Each structure stands twice: as C-alpha cells, then as structure tokens.
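Student: 3D model of this:
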Amino acid sequence: MCKINTLPPETIEIIPDNARLCLIDPALKAHISSALQSRDARRFQIIDHVPNPDESIRAVCVLLVSDSVSSANSGDYYTWIAGRRPRDTKVITLCSDPIDDCFRSDLLPGFLFLTLPDDSNPKLIIDAIDRAFDSLLLQDQNATLRAKLQLSYEEIGKLTEVGQALATEHDFDRLLTLMLDHAKTLVSADSGTIYVAERNHASGRATALRFKKTSLSVAADEYLLPINAASIAGYVAYSKKPLVINDVYALTGKEKFKFNRSFDIQHNYTTRSVMAIPMMDYRNEVIGVVQLINRTEVDQYDDTPSNIQVDGVYPFTRKCLELASALVGQAAVVIQNNRLLEDINNLFEGFVKASVTAIEQRDPVTAGHSFRVADYTTRLAQAVSDSKLEPFANIHFTGDQLRELRYASLLHDFGKVGVSEQILTKAKKLYHPELEIIKWRFRYQRKILEKEALHAKMNFLKKNGTDGFLDYEVNVNGNLEQKIQELEDTLRGIENSNDPISGAFLTEDELRAFTTRMVNIDNGIEVPLLRENEFLSLSVVNGNLNSDERREIETHAALTYKFLGQIPWITGLIGVPDIAYHHHEKLDGSGYPLGLKANAISIQTRMMTIADIFDALTAADRPYKKAATAEEALNILRLEEKDGHLDSDLLNLFIDKRIYESAT
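Tutor: A predicted model of the protein is given here:
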C-alpha cells in the first residue's frame, strides 16, 4: 500500500505464538502445573513475575487468584496492568466468592476477561487462557481492519479532494503542476514528469509526446518524444497500458521498450523504480503520460518487504498503481474538458474573426474599425480594473469578462450584414448612377442650348441672309458660352455638394432652385435638373446619408442584437449581445435604438461607445469625411460629454491613460 499523509493508526500485527505471554500468579502455578505441559499450553510462554516496565510485551494474559488481590504483589500487578492497553492485555481471575466480594473489577476497567471458580479444572483454565489470547487476536485483527478501512476512507477522501482541486483549475500549466504534485504525494514518489500528446487536428490522434513538466528543480526545455518503444513514456502511449518497473538499471535490454539514461546523466540523478500511466480521453485516445519515479517510503500495511529496495528506493505496488491511476483518470477528464473548452473558445474566436471579415467585405471602407474598437475598449477596461481611485476602486474585470467585452466590441457592427450594401459602400451623398443621371441632364440641357443657338442662326440667315450674320453669330455664341459656363458652374457646385468632405456646398435654396428648373427632353416631356430625392441627399450637411438611409443604417444595432441573440453563447460570454446592442445609446436617452438612459447602460457598453466614436472620428479610410486628429477627436468627445452623452469618468481615464494611442 502507498503512503498517505495521515497519522498512522494505533495497531499491532497478527500475534504469533511466541509473542503470547501468560503471567501466572505463583499461587496458581502448582495447581495447573500438569495442564501446563499440554499441547495448548505450549502456544504461549509462561512467567510468574511482574515484568519490568520497559520490557516490550506484545500480548499478555494475566491469571490471578482472588487471594492475590490483597497479596504483597497486588500493587505491582495493578500498576503494571494499568500501564498496558485493554486490546493487548486480558485478566482471568479464580475466585471462590461472588466476584463483587472477591475482586474489585473497577480497578481493571476493560481488562477483565473472565472469572472462574478457584477449584476449576486445570484444563479448563488453560482453555480459558487460550480463549483470552483468541480474544486478543480478534481485537487486534478488528483494529487492524478498522485502521485499513479508515486509511481507505482517507485515500478516497484524498482522491476526492484532488478531483475537486483539479476540476476548479482552468490554467493548463497550473493544472499539470497540481496533478503532478498530488500524484507524487499519493504514492511517495521522489519525482515525476508529465508528457502531453501533440494531436493531429484532422484526426484528433496523438502524433508525439511533448515533455511539459518535471517536479525536479532542474532547467528542462520542452521537447518531443515519438510514440514508440524508444522510451518508456513513448511505449506507454503506444501500448495505452501502464508500466511498472522495479529498477530500470536492472533491465536486460530484451524488453519491448528502452530506458534512456541521458536525463540521469545530464542532471546527476539516479532513476530506479518507475511507474508510467497513460492518460486517455473518452475516445480511448492518448492525451498524455504521467511518469512517477523512485518511491521513497512504505507504510505499515504495505505488502512490499522492507529489504526490497535499492539506494533507499522501493518499487511501486499494485496499490500504488490503483491510486495513481484513479488520480490520473480524474486528471485526464479535466484535461480533456479543458481541451474541449479550448476548442470551443477557438471555435468562437474563429467565428468572431470570420464574422468581422464578412462585415468588412460588405463594408470595406471601415476595414479594421472593429479590431481597433476592441483594442481601445479592452485596454480601457484593463485601466478600470487597475485603477485604485473612485469610482473604479471596486471594479475589476475577470479574464472571462474581458473576453466577453472584446467579442462584443468586435461584433458591435455585426448587424450591418442586414443593411443594404449600397448604403454601406456609399462614398458620396449621391450614388454614382444618380450623379451620372444628373450629369446627363446637364449635358442634355447643354445640347438644348446649343440647338437653340443653332436654330437662331439658321433663322437669321433665312430671314436676313448673310448681311450682319457675323456680328449676330458672335452675339449668339457669346450668350451660349455664358449659359454653358453657368450650367457647368452649377454642375460643379452640385458635384462639390455631393462630396461630404469638400466643404464647398451649395446652399439649400440654391439646390432647391434646380428642382424647378426644367429640361425639355422630348415632345414636351420635362424633368427637373434635380429630382426631390436628389435634392434631399445633396442637402445633407453632415455626412453622406439622407434621413431614410440613416434610419436604415441605424437598424444595424437592433440587427446586431437579433443576430447575436441566436448564438448559444457559453457561460462567460452571455452578455455579448446586450453589450453590443447598446453601443449607440447615450446617457441622456438621446441615443438609439432604445433611447436608454444612464442607469440602463452598462459600464462595458459605455467604454465601447467612447472607443467607437473616437475611432470613427480618427479613421483615415472614410471617403465621406476627413480624418480628425487625436486632439480634434478628443475635443469632440469632450463636447459629447458636456452634452450628457458620454461617461465623464471613463472619458477622463481614456484620456489620462492615453488609451487612444494604443490601438494599431
């Protein structure tokens, strides 16, 4: 059995015959002398004096006569018996009177085994002595079994504690350290190593073992072991069976595996006993190997003979294997769960990045925006966690919360997949086909002017001939050029108004005038130079979207929530839809889509809102606006704060910690 860190239970081994001692009152020795020669009597040794206090006696039966209670030696008897334990000492008395009269049983509580008549047959007395020793034996066996049972309970309890400790540890490196330390303690191993399987991502099968950790205080880099018989760990991974070796230096070389002595040589260590156990997953695939080295202790119940040791090292037993296998099995489940969780996290990570890529493919002018917003937001959240000042002193974001916030930031514009692509990619106030139609109207208007001038010349010639035609032609051409120049200036003004960043906009009244200026295109059909929808688009002062388009683009926040709400987010990421949903809300309730006020907007969303606005202002890839400098953007954020739209404490931290400089 393997050592458990617990106080050893009080017990003795099975009592051999030569360890049984019968202390007989000298007054009785003559009475039973003939019976003492019997076969049964030879099963114990007989003395007729009180042993020395320091004399080691494992089991004793004291045979007293009633007269000895008051004899000169009675005090010695009682003193000596009182220093013993009831479980290894029994008293038989011979008495002619009732026991209460002849023997004070209260002086020997728990020791009195039997009271017989003083004229009892000697063989009966010998038989009683023999039964007393049987009683001691049964008591001893019972105590030993109870102690072993208690030890088993402690082992189970220890394994349960280890299982609970492993189950609550999510850091993979600390998990391996915890498992190795507990495995060593459980089987009294001097050292141990852990190898983790490298997997083929397509098949999920182990292709090699990576050395991850050793309990020795040595510098050891990670390395790969092939899964074959070239090493003990590799062979165990290959065979999927545990391996126990009493002494690796006693191997003959004919074994199916090999022991590599390079580690011992390199680190001046001597490996003797080895127990290697494979860690298996639910598909019966190897996920690692635990190797325990040099068992240094055995306990009082161990079945290992004390002389079977080399250099103070004992071999590992079947019990050691059972205990370590139970622990390794628990660890394998935890490691597998960790890997499954890692796979899920990688899946979510891949999904989020793919989603951002999909958004940017539909809206290439904002490429990189989501990643920058995520960087600004998570850095601001970390600054909040690190702050020791109010109002952030008691706010701390866990790793899961930071990941949740990062995902929400990356996906805050996910709803744009449901917005018309022409709105997402719109660079000017008018769509390109709309501007081309307007240009064709102006070209048509120019042709009309040219046609009118030509007709005027022809009519002059028909009526007046060539007299004065040259002067008339110069006059007509001058008027035509003036009108064409006015037309071109007007078109240039419309083109400038179409460019959100030009700044040279026509006034609303000037634009309105073109909606009533008609162009006769054919057979009396007239159309305005600017239609009403074109006028509305060109009249936009800020940005490039008219009111209808802006309402559609603003639906992306609600669509983000709708789409993200369909995803079965795991624990720790459940808040992603809500955080992303509210990123256009403002503290005074003037935001969209819900018009939430401060008390309904989380701190995570408030941070993202600041990051989103700052990046939108400073982004250099927006064709509908000039990029603001960091100073200009911060001034605008200050104005937003002053208007009650943004969280002033978070904005101060964003500026004071220069978070705005961190995104790449």
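Student: buried ones in stretch 391-405?
Tutor: Buried residues in stretch 391-405, counted by 16 or more other Cβ atoms under 10 Å: 392, 397, 401-405. Bear in mind the C-beta positions are built from the backbone N, C-alpha and C, glycine included.
Student: what ranges do the helices span in the stretch 401-550 of the chain?
Tutor: Remark: helices assigned in the stretch 401-550 of the chain by DSSP state H, counting those that start in this stretch are 421-424, 432-464, 469-498, 508-514, 532-538, 547-564.
Student: For the shortest one, buried residues please.
Tutor: So that's helix 421-424. By 16+ other Cβ under 10 Å, the buried positions in helix 421-424 come out as 423-424.
Student: Show me what that helix is packed up against.
Tutor: If you count contacts as 3 or more Cβ pairs under 8 Å, 6 or more residues apart in numbering; DSSP states H and E, helix 421-424 packs onto helix 547-564.
Student: need the buried residues of stretch 391-405 in JSON lines with distance to Ile570 and pLDDT, can you?
Tutor: Output for the buried residues of stretch 391-405, formatted as JSON lines (distance: Cβ to Cβ, whole Å; pLDDT from 0 to 100):
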{"residue": "Phe392", "distance to Ile570": "28", "pLDDT": "92"}
{"residue": "Phe397", "distance to Ile570": "18", "pLDDT": "95"}
{"residue": "Gln401", "distance to Ile570": "14", "pLDDT": "94"}
{"residue": "Leu402", "distance to Ile570": "15", "pLDDT": "95"}
{"residue": "Arg403", "distance to Ile570": "11", "pLDDT": "93"}
{"residue": "Glu404", "distance to Ile570": "10", "pLDDT": "95"}
{"residue": "Leu405", "distance to Ile570": "15", "pLDDT": "96"}
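Student: what two of those residues have the greatest distance between them?
Tutor: The widest separation within the buried residues of stretch 391-405, taken as Cβ to Cβ, falls between Phe392 and Arg403 and amounts to 19.8 Å.
Student: hang on, the earlier thing: put together CSV for the helices of the stretch 401-550 of the chain, with mean pLDDT and distance to Asp656 on each row.
Tutor: CSV is the format used below for these (pLDDT from 0 to 100; distance: least, Cβ to Cβ, whole Å):
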stretch, mean pLDDT, distance to Asp656
helix 421-424, 86, 35
helix 432-464, 91, 45
helix 469-498, 91, 41
helix 508-514, 89, 42
helix 532-538, 91, 41
helix 547-564, 92, 29
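Student: Tell me how far stretch 431-451 lies from the chain's centre.
Tutor: Counting by Cα atoms, centre = their mean, to the nearest Å, stretch 431-451 is centred 64 Å from the centre of its parent chain.
Student: Next one: the residue located most distally from the centre of the chain from Ala456, what distance?
Tutor: Largest separation from the mean C-alpha position in the chain: Asp467, at 99.1 Å (Cα atoms, centre = their mean). From Asp467 over to Ala456 the distance is 16 Å, taken as Cβ to Cβ, to the nearest Å.
Student: And stretch 356-367, what's buried?
Tutor: By 16+ other Cβ under 10 Å, the buried positions in stretch 356-367 come out as 356, 359-360, 363, 366.
Student: Strands - which of these land there?
Tutor: Of the buried residues of stretch 356-367, none are assigned to strands by DSSP state E.
Student: and those, which of them are in helices?
Tutor: Using DSSP state H, 356, 359-360 are the members of those that sit in helices.
Student: Adding distance to Glu342 as columns, could you present the residues you listed in a markdown table?
Tutor: Supplementary listing: those in a markdown table, determined by distance: Cβ to Cβ, whole Å:
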| residue | distance to Glu342 |
| --- | --- |
| Val356 | 21 |
| Ile359 | 26 |
| Glu360 | 27 |
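Student: and which of the residues you listed is nearest to Leu186?
Tutor: For those, the nearest to Leu186 is Val356 (47.6 Å; Cβ to Cβ).
Student: could the buried residues of stretch 391-405 be laid out in CSV, adding distance to Thr555?
Tutor: Output for the buried residues of stretch 391-405, formatted as CSV (distance: Cβ to Cβ, whole Å):
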residue, distance to Thr555
Phe392, 34
Phe397, 30
Gln401, 28
Leu402, 29
Arg403, 28
Glu404, 24
Leu405, 24
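Student: give the contact list for Lys258.
Tutor: 229-232 (Cβ atoms under 8 Å, 6 or more residues apart in numbering).
Student: pLDDT wise, what is it at?
Tutor: If you check Lys258, the pLDDT there is 87.
Student: Same check on Ser66?
Tutor: At Ser66, the model reports a pLDDT of 54.
Student: now Ile570
Tutor: Ile570 is assigned 86 on the pLDDT scale.
Student: Lys3 now?
Tutor: 32.
Student: now swap in the one 5 residues further on and tell me
Tutor: According to the model's per-residue confidence, Pro8 sits at a pLDDT of 32.
Student: can you pull out the helices in the stretch 101-250 of the chain?
Tutor: For the stretch 101-250 of the chain, helices defined by DSSP H, counting those that start in this stretch occupy the ranges 122-167, 172-187, 232-239.
Student: so of these, which one's packed in deepest?
Tutor: Most buried of these, by mean neighbour count (mean count of other Cβ atoms under 10 Å): helix 232-239, with a mean of 22.
Student: can you list contacts of that helix?
Tutor: 193, 195, 197, 206, 209, 225-229, 242-243, 245, 248, 256-260, 274, 276-278, 286, 289, 291.
Student: Quick check: mean pLDDT of it?
Tutor: 90.
Student: Near Val248, how many other residues are there?
Tutor: 20 (other Cβ atoms under 10 Å).
Student: Please shift the residue numbers so they start at 693 in all later answers.
Tutor: Yes, from this point I'll number from 693; that puts the last item at Val940.
Student: I'd guessed it sits against Phe949; true?
Tutor: No - using Cβ atoms under 8 Å, Val940 is not in contact with Phe949, being 10.1 Å away.
Student: Please determine how far the nearest residue to Leu786 once chain neighbours are set aside is located from Leu720.
Tutor: Closest residue to Leu786 apart from its sequence neighbours, by Cβ to Cβ, 6 or more residues apart in numbering: Asp810 at 4.2 Å. According to Cβ to Cβ, Asp810 stands 9 Å off from Leu720.
Student: Kindly report the same for Lys1131.
Tutor: 136 Å.
Student: which of these two has more neighbours?
Tutor: Taking neighbours as other Cβ under 10 Å, Lys1131 and Leu720 compare with Leu720 leading, 20 against 13.
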